[in-house]
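>>> here are the coordinates; sequence isn't available:
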């Protein structure tokens with residue numbers, strides 16, 4: 001069963017409601033990590049955000065939706081509402097969320113009427129009940145006549161256990177799909193064999209959209225000399241060498257003091273969210289400007305997500321002395337991007353098409369490497385040899401018992417030891433470096449964590 005079919009067959013839980021009632025906060029709280037943008041402003045979530053959520057042996061598709069506005073005005077509001085209604089129709093459970101402190105609004109009542117035909121699948125979440133004194137505010141919500149009601153404060157984690165119980169009690173019987181959720185799915189990653197998702201990142205006006213347009217052969221993204229033209233994240237699908245790619249053209253990331261508008265800020269947050277859902281990244285740098293502190297910050301974002309990347313020095317057609325400039329850029333990478341010096345570097349021109357397709361060709365083996373699974377026996381031989389070498393050299397090593405791989409994209413490993421609290425950051429980096437050397441992971445990020453050995 002393919003990853004896409006697995007996801008489609010999993011039970012679905014959709015969070016719906018009018019704008020700004022805390023749907024994304026609830027989504028993040030249930031997942032246990034920040035996946036959806038949360039701002040005190042309606043309309044931040046525009047598209048459906050879907051993640052795999054596992055709880056007490058059950059696995060579902062958890063879907064966050066934009067604010068429902070029946071009979072909404074402009075085209076964007078209508079599209080957001082359409083997306084939310086589609087999620088509602090296909091969901092096994094609907095978490096209809098309202099703002100308890102604001103009371104039941106006419107818009108809440110309109111949404112309740114839409115949901116009434118599927119009331120047996122609805123759990124009414126009365127959110128923003130932050131303290132016990134607010135409990136009385138839930139009384140009006142019973143008038144909606146939608147069955148079970150759960151007072152909650154997603155922001156402060158009150159009532160979350162009750163929400164989980166309500167979901168688990170209504171799930172359909174367990175299916176085969178829940179037993180075969182693919183690696184990486186819990187982080188929201190699609191299967192790279194079905195479609196390789198690549199985030200195109202960089203500062204404003206370095207040529208990200210021009211690069212995407214060149215790769216897809218048409219103007220899919222707006223291109224302007226004015227920084228910040230791209231604010232929404234644009235997905236472009238192409239096929240190269242028989243392999244499907246989804247190129248994610250993103251908003252230019254600037255340092256916070258330079259962000260001019262709130263819309264631009266939201267675009268940057270969307271960019272960071274989409275990076276987490278991509279298998280790899282292309283970091284586009286203006287070859288005429290060199291490596292700036294902004295480029296350094298974006299490379300740090302990619303490294304934190306653990307994504308393989310290729311550094312593409314764009315506008316190479318404007319460089320006068322290519323050999324000398326390449327040496328200068330290599331020195332700048334060594335000085336400012338020392339934490340990703342093993343990432344492949346390429347010189348390209350989005351305007352002329354020079355070497356742009358080779359960037360994708362270079363990414364493919366990196367993603368395949370990042371999806372590698374190392375046998376446990378080989379990992380434990382590595383640990384034993386490392387301990388022997390350190391002992392022979394007279395070095396002091398923490399007591400390590402065994403090692404296993406716990407994930408891919410990036411490769412993640414757990415080492416069981418006596419006392420993880422005594423493991424220093426420098427020792428963890430040492431293990432990651434030696435692990436990369438041993439198994440050929442030098443050009444991609446590797447993660448190692450330490451865990452206490454379970455006591456008998």
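Sure, I can see it. Keep in mind it's a predicted model, so treat the numbers as computed, not measured.

>>> centroid residue for this protein?
Closest to where the C-alpha atoms of the chain average out (C-alpha atoms, centre = their mean) is residue 276, at 2.3 Å.

>>> and the nearest residue to that residue once chain neighbours are set aside, how many neighbours?
Sequence neighbours aside, residue 305 is the residue nearest to residue 276 in space, at 5.7 Å (criterion: C-beta to C-beta, 6 or more residues apart in numbering). All C-beta spots, glycine's among them, are computed from the backbone N, C-alpha and C. Neighbours of residue 305 under the rule other C-beta atoms under 10 Å: 19.

>>> now the host helix or strand of residue 28, how far from the centre of its chain.
Counting by DSSP states H and E, the element that carries residue 28 is helix 23-31. Averaging C-alpha positions (C-alpha atoms, centre = their mean, to the nearest Å) puts helix 23-31 14 Å from its chain's average.

>>> And stretch 438-455, by the same measure?
21 Å.

>>> Sort out which residues of that stretch are buried, please.
Buried positions in stretch 438-455, judged by neighbour count with 16 or more other C-beta atoms under 10 Å: 439, 441, 443-446, 448, 450.

>>> cool, stretch 151-159 as well?
151-154, 158-159.

>>> what about it, how long is it end to end?
6 Å (C-alpha to C-alpha, to the nearest Å).

>>> now residue 123, which residues is it bridged with?
residue 95 (DSSP bridges).

>>> Contact partners for it?
In this structure, residue 123 makes contact with 93-96, 147-148, 150, 163, 166-167, 170, judged by C-beta atoms under 8 Å, 6 or more residues apart in numbering.

>>> Cross the residues you listed against strands and list the overlap.
93-96, 150 (DSSP state E).

>>> So which of these wins on neighbours?
The ones in strands among the contacts of residue 123, ranked by neighbours (other C-beta under 10 Å): first place residue 96, 30 neighbours.

>>> Widest-spaced pair of the buried residues of stretch 438-455?
443 and 450 (24.5 Å; C-beta to C-beta).

>>> low-confidence ranges in the protein?
1-8, 33-48, 72-77, 79-80, 177, 179-189, 218-234, 251-271, 394-396, 454-456 (pLDDT under 70).

>>> distance of residue 147 from residue 315?
Distance, residue 147 to residue 315, using C-beta to C-beta, to the nearest Å: 60 Å.

>>> out of the two, which sits in the more crowded spot?
Shown here are residue 147 and residue 315; by other C-beta under 10 Å, residue 315 has more neighbours (21 against 14).

>>> Relative to residue 321, how far out is the more buried one?
Counting by C-beta to C-beta - residue 315 and residue 321 are separated by 14 Å.

>>> and what of residue 83?
51 Å.

>>> Please apply the same query to residue 417.
53 Å.

>>> sorry, back to before: tell me the one among the buried residues of stretch 438-455 nearest to residue 399.
Using C-beta to C-beta, these come closest to residue 399 at residue 450, 10.9 Å.

>>> partners of that closest one in the sheet?
Residue 450 has these beta-bridge partners by DSSP bridges: residue 415.

>>> from what I can see it touches residue 414, true?
Yes: between residue 450 and residue 414 there is a contact at 7.5 Å, judged by C-beta atoms under 8 Å.

>>> Quick check: neighbours shared by the two?
Counting by C-beta under 8 Å, 6+ apart, nothing touches both residue 450 and residue 414.

>>> Surely residue 401 is in a helix?
No: counting by DSSP: H, G, I helix; E, B strand; the rest coil, one finds residue 401 to be strand, located in no helix.

>>> Excluding chain neighbours, what is closest to it?
The nearest residue in space to residue 401 (C-beta to C-beta, 6+ apart) is residue 416, at 4.7 Å.

>>> The one you found and residue 451, how far apart?
5 Å.

>>> next one: residue 385
Taking C-beta to C-beta, one finds residue 385 at 21 Å from residue 451.

>>> Over to residue 290?
Where residue 451 is concerned, residue 290 sits at a distance of 42 Å (C-beta to C-beta).

>>> And residue 411, by the same measure?
17 Å.

>>> quick one: buried residues of stretch 355-367?
356, 359-360, 362-364, 366-367.

>>> and of the residues you listed, the nearest to residue 391?
Distances from residue 391 to the buried residues of stretch 355-367, taken by C-beta to C-beta, are shortest for residue 366, at 35.1 Å.

>>> hang on, the closest one packs against residue 280?
Yes: Residue 366 is in contact with residue 280 according to C-beta under 8 Å; the separation is 6.1 Å.

>>> Using the three-state scheme, assign residue 428.
helix.

>>> who's in contact with the spatially closest residue to it that is not a sequence neighbour?
Of all residues not flanking residue 428 in the chain, residue 448 sits nearest, at 5.7 Å (C-beta to C-beta, 6+ apart). For residue 448, the contacting residues are 412-415, 428, 431-432, 435, by C-beta under 8 Å, 6+ apart.

>>> May I see the ChimeraX selection of the buried members of those?
The command below creates a ChimeraX selection of those among the contacts of residue 448 that count as buried (16+ other C-beta under 10 Å):
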select :413,414,415,431,432,435
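
>>> export the contacts of residue 448 to CSV and tack on distance to residue 111?
Output for those, formatted as CSV (distance: C-beta to C-beta, whole Å):
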residue, distance to residue 111
412, 41
413, 46
414, 44
415, 50
428, 49
431, 52
432, 49
435, 51
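
>>> Which single one of the contacts of residue 448 is nearest to residue 310?
Nearest to residue 310, judged by C-beta to C-beta, of the contacts of residue 448 is residue 432 at 20.9 Å.

>>> surely residue 352 meets residue 314?
No: counting by C-beta under 8 Å, residue 352 stays clear of residue 314, with 10.7 Å between them.
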